[in-house]
Each structure stands twice: as C-alpha cells, then as structure tokens.
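Asker: structure for the following, please:
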Amino acid sequence: MKHAKGFEIFTLNNYKILEIKTPWPEAKQSYKYVLIDKKHAAKTTFLKDAYDGIIVTPIKKIVVTSTTHIPALELLNVETTLVGFPGTNYISSKSVRALINNGSIRDLGKNEVLNTEVLLELNPDVVVGFGIDGGNRSLETIKKSGIPVVFNGDWVESSPLAKAEWIKLFGHLYNKADKADSIFSHIEKNYTEAKKTGSKHNPKTNSFKWCNA
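Answerer: Numbering: from 1, shown residues only. Modelled structure (predicted):
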C-alpha cells in the first residue's frame, strides 16, 4: 500500500493473504484471511485456526455495514452483489436505492445489533464490518456460522488518500485488483492536483479540505 497503514495483501503461489492490521484505534490484534480462487480452493488445505477466514474469490454476494463501503462497490461495478445492509434508509446512492426498492438488498436492522437471522439466510460470501473495539456480538455470531467477517478500518486512517486506498481491498475480493489500482491512481492524481491548486489559492495556510460525498 502507498498510503494505507491498516491492511496489507501478500501474494503467494496459489493464493493471497489479506492482513487487517488496524481494524480500530489501538487494536491489540490483527486479522488474517486467505483469498483463493475456486479452482485452487478445492485442492488446498489450511491449518485450522491459522486464519480468521477463507474467502473464495471472486465473491458473488457481499454484506457491507457502512455507507463508506458502497462507493468502492459502485466504482468497481459490483454493487449488484450487495445483498444486505444495516439501515438501508441511510443509503443515498441512486443505483443502490434502486436495488433496495426492488428487493435485491435486505435491511439488516442496526449495525450494533444486526439481524443475524436474515443475514444467515442471505448467506453472503463475506461480511465487511467495522468495529470500535471488537465487541460486536452479531459479528461474532456470523463468524461462528462460517461466514468470513472482514473488518474495514478505513476510518482509522489519518489521510484522505489512505482512506481511499481501501478500495484495493474490495478489488482483491472481486479479482479486480488491476481495476482497483487504476481507480485509486486516478483518485490520487486528482487529489494531488486539487491540493496543489488549493495551496496556490491559499498560500498562507497551505491547507486543503477534503469532503466525502
């Protein structure tokens, strides 16, 4: 990663290792997941409890738990794989609202207390959650059911570019790493140019304000 400090991805022979290093502030532990395609998953075994989840890629169904995760899905053109979200009334994206209205995306209640019954019925390939301290009982229930829970720590990052770089995590989940890299490079270029322009207009403070849509 060029800017993000909270996760890393290591490529091995037939699979990748995703490590979430900073899922929340002052986290005492990291989380490791195997990303492997269906062909190699059928003939590869891993030590029990060595990883926090085995994710077969590309994923077909996903649950995310923050509106900040949705733009990454849209930029990668995979928003139709979203099957559940807690508090769908908070989503403003037109394309995702259309999916909610036609019943493709189920409401999962509140983030703090997810409707695990509905979520388990949806049976997503992965749940992308976020935690303040790792004490979410709903996410623990989901993990015990065998559905991988990946903690997204983009909100812990200290810079806009570091936050934006988490799109690469989604890219690897969908086997669209190259597309995610290209999208981030475009974001990085636009941000850098905008920051230079802002500095010219305000040389005394040399400041730039970043707003999330």
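Asker: partner strands of the lengthiest strand in the chain, parallel or antiparallel?
Answerer: Ordering each strand of the chain by length in residues (DSSP state E) puts strand 31-37 first. As defined by DSSP bridges, the strand partners of strand 31-37 come to strand 16-20 (antiparallel), strand 53-57 (parallel).
Asker: figure out which of these is closest to residue 197.
Answerer: Each of the strands paired with strand 31-37 has some distance to residue 197 by C-beta to C-beta; the shortest is strand 16-20, at 34.4 Å. The C-beta positions use only the backbone N, C-alpha and C, and glycine is treated the same way.
Asker: list the buried residues in that closest one.
Answerer: Residues of strand 16-20 classed as buried: 16, 18, 20 (neighbour count, 16 or more other C-beta atoms under 10 Å).
Asker: specify the beta-bridge partners of the second one.
Answerer: Listed by DSSP bridges, the beta-bridge partners for residue 18 are residue 9, residue 33.
Asker: okay, and residue 140 sits in which element?
Answerer: helix 137-144 (DSSP states H and E).
Asker: off-centre distance for that helix?
Answerer: The chain centroid and the centroid of helix 137-144 are separated by 17 Å under C-alpha atoms, centre = their mean, to the nearest Å.
Asker: just for this protein, where's the confidence low?
Answerer: 134, 198-213 (pLDDT under 70).
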